[in-house]
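Enquirer: The sequence and its predicted three-dimensional model are supplied below.
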Amino acid sequence: MANCVCNGAKISCNFGDGPKSMVVLPLAMTTTENTKALAVATDTIPMLNIPSFGQCKSLANPMVASATAAALGVLTPQPCIPVTPTPWSPTAQKLKIGKIPALIDSSQTLCIWGGQIKIDDPGQTKITAS
């Protein structure tokens, strides 16, 4: 069984500075014992659900590529602005919140700049799903 992910879960991008807190709005009103909203597969809205990870180090990001070229090939990180066009996957197969599969601690999503965004800490350990 996997742990469900809730508001405040720690997520990270392999091209970012480090873990940040995920924001989950209580739209479906499904909450844990600590009144934290549970996340779903579609909680991928940049700068709302998925925060900036500080500085982006991906050369696929045009801002990083441009700054690196201007620095004569020296990698020059730029502010992270995540672009996440796909839902989280895998998700809970049986548990749905508002008809959308619940997010679990093994879920990942991709940033258009090549980053893999993963769950480092689901934010709770009492609610599980399969």
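Expert: Yep, it's here.

Enquirer: In this protein, what residue spans correspond to strands?
Expert: 2-3, 10-13, 20-21, 55-56, 78-79, 89-97, 100-110, 116-121, 128-129 (DSSP state E).

Enquirer: Relative to residue 63, which of those strands is closest?
Expert: strand 78-79 (4.1 Å; CB to CB). Where C-beta positions appear, they are placed from N, C-alpha and C, glycine not excepted.

Enquirer: Other residues contacting that closest one?
Expert: 52, 54-56, 61, 63-64, 67 (CB atoms under 8 Å, 6 or more residues apart in numbering).

Enquirer: One more pass at 7 Å, please.
Expert: The contact list for strand 78-79, computed with CB atoms under 7 Å, 6 or more residues apart in numbering, reads 52, 55-56, 61, 63-64, 67.

Enquirer: which of the residues you listed lies closest to residue 95?
Expert: The closest of those, once distances to residue 95 are taken by CB to CB, is residue 52, at 29.4 Å.

Enquirer: where's the closest one relative to residue 125, distance?
Expert: The gap separating residue 52 from residue 125 is 27 Å, by CB to CB, to the nearest Å.

Enquirer: Not counting its neighbours along the chain, what's nearest residue 49?
Expert: Once flanking residues are discounted, residue 49 sits nearest to residue 43: 4.3 Å by CB to CB, 6 or more residues apart in numbering.

Enquirer: Please state the backbone phi and psi of the one you found?
Expert: phi -80, psi 70 (degrees, to the nearest 10).

Enquirer: And it, how far from residue 58?
Expert: Applying CB to CB to residue 43 and residue 58 gives a distance of 22 Å.

Enquirer: Counting neighbours around each, name which of these two comes out higher.
Expert: Neighbour comparison, residue 43 and residue 58: the larger count goes to residue 43, with 27 against 22 (by other CB atoms under 10 Å).

Enquirer: so what pLDDT did that one get?
Expert: Per-residue confidence at residue 43 stands at 96 (pLDDT).

Enquirer: could you list every residue that touches it?
Expert: Residue 43 touches 24, 49, 103, counting by CB under 7 Å, 6+ apart.
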